[in-house]
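S.K.: Take a look and give me a structure for this.
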Amino acid sequence: MAGGVVLGFESIHSPYTIITLGGWDRAYSIGQFLPEVGWRSVELAGMANNLDAASTYHLAVRIAGQRVEFSVDDVLVLQTTLPSPIVHAGFGLYAYGPGNVTYRNVRVKRDRLRAFVIMPFKEPFDSLYRDVIKPVADAADDVEVLRADDIKGPGLILDDIRRQIDESHLVVAEISEWNPNVFYELGHAHAIGKPTILLVRDDYLPKLPFDVRGYRAIVYKDSIAGKKDVESELRQHLRAISRA
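M.R.: Here you go, the predicted structure:
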């Protein structure tokens, strides 16, 4: 890597992530440090010799789940989905190489954790979302919950769902039925290492596919007593993930 200005996000639970001006001899870059591999670039744009050392640049980074957007002087220059989540990261500003660098007006805003819910759109799952999952998440101190039918506006629904999974901090998936859409979306979440809470009715547990059966799940009964149990367990899982 060449010298440059670096915004760093560090966590003991995930790779060290940097967003830079002048890294890898490029104007803009997003990179990660993996202990077993070393530094690697994730996304690059522009050439470093187009940067002016005497100029002032306004940098803005938006991180939503694993989605990173990097803007310079209000122009979006890079966007990517990181291959693994950033978990409880610390934030730092660094500069290396010859010359002086001054940082001004540094501001950090933290949004609530976002939980994206994957499930069929029909009863009894609509009631499970409306009467159990959403109230439990809304009652949590730091969790916002969203389902695909909460998304408004034009566009392809599959693209919206993938983006919501990328931008979420965790996924809640109801997998009782062999619904191909649910398993496709769950597979995408697992592929990018998204923390996932699985829900399954007790009568469907023996029917789960072998590849999914090994994951820890909240097993519940479709009853009044079962509602209380799944509320309690879901609350504990959300608390554990938000503090991880």
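
S.K.: what about the nearest residue to Leu44 once chain neighbours are set aside, neighbour count?
M.R.: The shortest distance from Leu44 to any non-neighbouring residue, by C-beta to C-beta, 6 or more residues apart in numbering, is to Arg26 (4.5 Å). C-beta here means a position set from N, CA and C on the backbone, and glycine is covered the same way. Using other C-beta atoms under 10 Å, Arg26 has 24 neighbouring residues.

S.K.: Spit out the contact partners of Arg26.
M.R.: Contacts of Arg26 were listed using C-beta atoms under 8 Å, 6 or more residues apart in numbering, and they are 41, 44-48.

S.K.: what's the answer for Leu170, then?
M.R.: Taking C-beta under 8 Å, 6+ apart, we find Leu170 in contact with 113-116, 194-197, 238, 241.

S.K.: Would you mind stating the distance between it and Tyr28?
M.R.: Separation of Leu170 from Tyr28 (C-beta to C-beta, to the nearest Å): 29 Å.

S.K.: Could you do Pro83 as well?
M.R.: Distance from Pro83 to Tyr28, counting by C-beta to C-beta: 19 Å.

S.K.: that older thread, dump the contacts of Arg26 into JSON lines; add distance to Arg216, neighbour count and secondary structure as well.
M.R.: JSON lines is the format used below for the contacts of Arg26 (distance: C-beta to C-beta, whole Å; neighbours: other C-beta atoms under 10 Å; DSSP: H, G, I helix; E, B strand; the rest coil):
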{"residue": "Ser41", "distance to Arg216": "35", "neighbour count": "15", "secondary structure": "strand"}
{"residue": "Leu44", "distance to Arg216": "38", "neighbour count": "17", "secondary structure": "strand"}
{"residue": "Ala45", "distance to Arg216": "40", "neighbour count": "14", "secondary structure": "strand"}
{"residue": "Gly46", "distance to Arg216": "44", "neighbour count": "16", "secondary structure": "strand"}
{"residue": "Met47", "distance to Arg216": "48", "neighbour count": "11", "secondary structure": "strand"}
{"residue": "Ala48", "distance to Arg216": "46", "neighbour count": "18", "secondary structure": "helix"}
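
S.K.: Now do the helix or strand hosting Ile218: distance to the chain's middle.
M.R.: Element membership for Ile218, per DSSP states H and E: strand 217-220. Relative to its parent chain, strand 217-220 has a centroid offset of 23 Å by C-alpha atoms, centre = their mean, to the nearest Å.

S.K.: Send over that strand as PDB, restricted to the C-alpha atoms.
M.R.: Provided in PDB are the C-alpha atoms of strand 217-220 (Å, rounded to 0.1, in the frame of the first residue of the first chain):
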ATOM      1  CA  ALA A 217     -32.900 -22.600  16.200                       C
ATOM      2  CA  ILE A 218     -35.700 -21.400  18.400                       C
ATOM      3  CA  VAL A 219     -38.200 -24.200  18.400                       C
ATOM      4  CA  TYR A 220     -41.800 -23.100  19.300                       C
END
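
S.K.: Does anything pack onto it? Which helices or strands?
M.R.: In this structure, strand 217-220 makes packing contacts with strand 196-201, helix 224-242, judged by 3 or more C-beta pairs under 8 Å, 6 or more residues apart in numbering; DSSP states H and E.

S.K.: most packed of those?
M.R.: For the helices and strands packed on strand 217-220, the largest average neighbour count (mean count of other C-beta atoms under 10 Å) is found in strand 196-201, namely a mean of 21.

S.K.: Which parts of this structure belong to which domain?
M.R.: Using automatic domain parsing, the domain parsing of the chain gives 4-96, 113-242.
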